[in-house]
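**Q** just to be clear, the model below is a prediction. Sequence and coordinates:
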Amino acid sequence: MTTVNAACVCPACHRRLEHHTSLEANRGPRAGDISMCGACGNILVYMEPTILRVASLHERLKLAPERLARLTRARELLKRMRKVYL
């Protein structure tokens, strides 16, 4: 797993996102990569290494079921953490 500094802004909540973690070694974000905002939980798509947009419903439905399940679990955990810490 590699964490890369790649500052960008979430298009949904406008929070600054400063790190991208990839399961592949020495790989930063690339156009078309799927991510999730750690602040608001929206599923995002990289247009460029530092430009994101919110994933469309069509893109979310095209995700492999196990990947969508992982993103959904992460989003639920994020919601729980916000309730506890905010």
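**A** Structure received. Numbering: from 1, shown residues only.
**Q** any idea how far the residue positioned nearest the centre of the chain is from residue 58?
**A** For the chain, the residue nearest the mean C-alpha position is residue 36 (1.8 Å; Cα atoms, centre = their mean). To residue 58, residue 36 is 17 Å away according to Cβ to Cβ, to the nearest Å. Bear in mind the C-beta positions are built from the backbone N, C-alpha and C, glycine included.
**Q** now for the residue nearest to the centre of the chain: which residues touch it?
**A** Residue 36 makes contacts with 42-44, 71, 74-75, 78, as judged by Cβ atoms under 8 Å, 6 or more residues apart in numbering.
**Q** hang on, residue 38 packs against residue 20?
**A** No. Using Cβ atoms under 8 Å as the test, residue 38 is too far from residue 20 to be in contact (10.6 Å).
**Q** more crowded one of these two?
**A** Each of residue 38 and residue 20 has its neighbours counted (other Cβ atoms under 10 Å); residue 20 has more, 20 against 15.
**Q** wasn't the more buried one part of a helix?
**A** No. Using DSSP: H, G, I helix; E, B strand; the rest coil, the secondary structure at residue 20 is strand, not a helix.
**Q** of the contacts of residue 36, which pair is most distant in space?
**A** Spanning the widest gap among those are 44 and 78, at 13.3 Å by Cβ to Cβ.
**Q** so for the two, which sits in the more crowded spot?
**A** A count of neighbours by other Cβ under 10 Å puts residue 44 above the other of residue 44 and residue 78, at 22 against 16.
**Q** how far away is the nearest residue to residue 33 once chain neighbours are set aside from residue 20?
**A** If you skip the residues right next to it in sequence, residue 33 has residue 46 as its closest partner in space, 4.5 Å away by Cβ to Cβ, 6 or more residues apart in numbering. Distance, residue 46 to residue 20, using Cβ to Cβ: 8 Å.
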